[in-house]
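Colleague: have a look at this fold, sequence not included:
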């Protein structure tokens, strides 16, 4: 079910899809157990629930990390209706909540630009004169993680209308086209050949291998059939090579941005990550937590730990402000002591006599 579709029952939701749930006041609260089973699948699953606060309270009250309240509108949320008497808009009289339910694989494949989303919600509410509150817990959970915004996948590109010959296009579903070609005015012989040609394997077409019925279709309309087939074969081969080369580059970029836990063919795997990884239900599991803003309780998984890098530290080493010993010039050597001249006379002076009188060792002797 594509994103943006309205569903009448939660039981219609399937894993591996992006689904919008619009709930009214006369429905039962969503089954938390069923939603938890949907989010535990190993596929990118994202659910966006919109409904009254009293109906979605079971998703907000439990201490589950799968569910996050993006915004709460007090009153006046513009619901669309089939009644065009009031321009097809019916404002809600009760508070409305917008709940996001997603698993960790969904946030890796399709990261959310929280700052842009929050500003868009505020600007939309201001343009509609609606009082909207962004929960502090949701804002803190996004701000405390380092989520890249450059890995977002492009939206769904609608396939162009297939041409008459589309044997080389792998996006077109193979079907019986003879009756359709006959209604379009194509002859029976040409319609039969075209139907057989379009059932050719597109992988073989990317290698330059053409279906045999093209030669029969060209008879009578192309002079140099061999030259035309050779040119068509080379064109398809080189176009297929460029597609393969581009796909290989995209796959290499994806593996660089994806968590190493997904690489089951890797040579080195962290046993601690394997044990804690699959049991963790936090959608921010693969994104480092650089600061603790949500103040949530720690879990056994390592993703709940705060990782601070050295470059983000606000304190400096006091030794960096000093001068290293290698840059200090050596001190000059101490001066040599001056020699004391010795006395050459043998007579006693008055000072010697006084010294002898005061010398206890001399007196006792």
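Modeller: Alright, I've got the coordinates. The shown structure was predicted, so the numbers you read here are calculated from the model rather than taken from an experiment.
Colleague: name the next helix or strand downstream of the helix or strand of the chain with the lowest mean pLDDT, please.
Modeller: Using mean pLDDT, DSSP states H and E, the weakest-scoring helix or strand in the chain turns out to be helix 271-276, at a mean of 44. Note on helix 271-276: by DSSP states H and E, the next helix or strand toward the C-terminus is helix 350-358.
Colleague: so, low pLDDT: which residues of the chain?
Modeller: Counting by pLDDT under 70, the low-confidence segments of the chain come to 1-14, 24-33, 36, 59-64, 81-88, 149-162, 260-279, 308-331, 338-347, 360-365.
Colleague: check which residues of the longest helix anywhere in it are buried.
Modeller: Longest helix in the chain, counting residues (DSSP state H): helix 225-257. Across helix 225-257, burial judged by 16 or more other Cβ atoms under 10 Å covers 232, 233, 236, 240. Quick note: C-beta positions are derived from backbone N, CA and C, even for glycine.
Colleague: how about the second one, nearest residue that isn't a chain neighbour?
Modeller: I take that to be residue 233. What sits nearest to residue 233 in space, not counting adjacent residues and going by Cβ to Cβ, 6 or more residues apart in numbering, is residue 208, at 4.2 Å.
Colleague: what helix or strand is the one you found located in?
Modeller: Applying DSSP H and E, one finds residue 208 in no helix or strand.
Colleague: from residue 294, how far out is it?
Modeller: Distance of residue 208 to residue 294, given as Cβ to Cβ, to the nearest Å: 56 Å.
Colleague: pick out whichever of these two has more residues nearby.
Modeller: residue 294 (20 against 17; other Cβ atoms under 10 Å).
Colleague: which residue, other than its chain neighbours, is closest to that one?
Modeller: In space, and not counting its chain neighbours, residue 294 is closest to residue 140: 4.2 Å by Cβ to Cβ, 6+ apart.
Colleague: which elements pack onto the host helix or strand of that neighbour?
Modeller: Using DSSP H and E, residue 140 maps to helix 136-143. Under the contact criterion of 3 or more Cβ pairs under 8 Å, 6 or more residues apart in numbering; DSSP states H and E, helix 136-143 touches strand 67-73, helix 114-128.
Colleague: after that helix, which helix or strand is next?
Modeller: Criterion used, DSSP H and E; the element after helix 136-143 is helix 178-183.
Colleague: other residues contacting that following helix?
Modeller: Contacts to helix 178-183, defined as Cβ atoms under 8 Å, 6 or more residues apart in numbering, come from residues 164, 188, 190, 191, 192, 194, 195.
Colleague: out of those, which are inside strands?
Modeller: Secondary structure defined by DSSP state E assigns none of those to strands.
Colleague: out of these, list just those in helices.
Modeller: Mapping the contacts of helix 178-183 onto helices (DSSP H) picks out 188, 190, 191, 192, 194, 195.
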